[in-house]
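Student: Everything below, folded, please.
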Amino acid sequence: MKRLGLILFTIIITTILSAQDIQLPKPTRTGGMPLMEALDARKSDRAFSDKELSDQTLSDLLWAAWGFNREDKRTAPSSRNRQEIDVYVSLQKGLYLYDAKNNVLKQISKEDIRSTTGVIQQLFVKNAPVNLIYVSNKNKITGKSEEDLIAATYANTGFISQNVYLFCASEGLNTVVRAMFDKEKLAKKMNLGKDQIVTLTQTVGYPK
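Tutor: From the prediction side, this is the model:
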């Protein structure tokens, strides 16, 4: 009886802890704006409503950015298919890591760090519903000099951010990719390791 009670207690605790993660709905992989029209509409914009994105829109956005469109390949290329980029999602309710295989946002922290993804002059970052943070895991790229590694990982980040631009153009969302932020401060907030580097951040939301 005690053993059964312990098992039930463990299940309950595990459920409570995992409930903080967000299971996203299956991404919509059809439809959208024709490519040439999306390219024509693609732009950077820094005016955002604070209206939250639905879980479905968030799922579609993240799949377009860096989801799996084949068994082991993504919607954006990476050097030697190392897939060294992680996409973190900064929301009002906390910081999450996008698990593309399981289509889950894994909660890293309950703290709202949106303002840390930009600089003080970028007032929109703390109010926009979504700030994506691109993090490179340097230990996944081998056989390159430090200079070549940086070039490769920034190129790979660029592919992902352009996917976000095209998705936003198709869906009527605003977005802007940014390199102005305090990398050391943001990395500390995210509790990143020494082999992880923040490359770029990207704000997404509805037009203001």
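
Student: so what's the residue lying closest to Ser79 once chain neighbours are set aside up against?
Tutor: Spatial nearest neighbour of Ser79, excluding adjacent residues (CB to CB, 6 or more residues apart in numbering): Ala152 at 4.3 Å. C-betas here are computed from N, CA, C, even on glycine. Neighbouring residues of Ala152 by CB atoms under 8 Å, 6 or more residues apart in numbering: Ser79, Ile141, Lys144.

Student: before we move on, what SS does the residue nearest the centre of the chain have?
Tutor: The structure's the chain has its C-alpha centroid closest to Val87; by CA atoms, centre = their mean the separation is 3.4 Å. Using DSSP: H, G, I helix; E, B strand; the rest coil, the secondary structure recorded for Val87 is strand.

Student: now swap in Glu52 and tell me
Tutor: coil.

Student: Now do the strand ranked longest in the chain: distance to the chain's middle.
Tutor: As assigned by DSSP state E, the longest strand anywhere in the chain is strand 196-205. Its chain's C-alpha centre and that of strand 196-205 lie 7 Å apart, by CA atoms, centre = their mean, to the nearest Å.

Student: and if you look at stretch 73-91?
Tutor: Centroid separation for stretch 73-91 versus its chain: 9 Å, with CA atoms, centre = their mean.

Student: Sort out which residues of the longest helix along the chain are buried, please.
Tutor: When the chain is parsed with DSSP state H, its longest helix is helix 146-171. By 16 or more other CB atoms under 10 Å, the buried positions in helix 146-171 come out as 149-150, 152-153, 156-157, 159-161, 163-171.

Student: now the helices for this structure?
Tutor: Taking DSSP H as the criterion, the chain carries its helices at 2-18, 35-41, 55-66, 146-171, 183-190.

Student: Next, find the distance separating the residue nearest to Phe159 when sequence neighbours are not counted from Tyr134.
Tutor: Excluding the flanking residues, the one nearest Phe159 by CB to CB, 6+ apart is Ala76, at 4.0 Å. Distance of Ala76 to Tyr134, computed by CB to CB, to the nearest Å: 11 Å.
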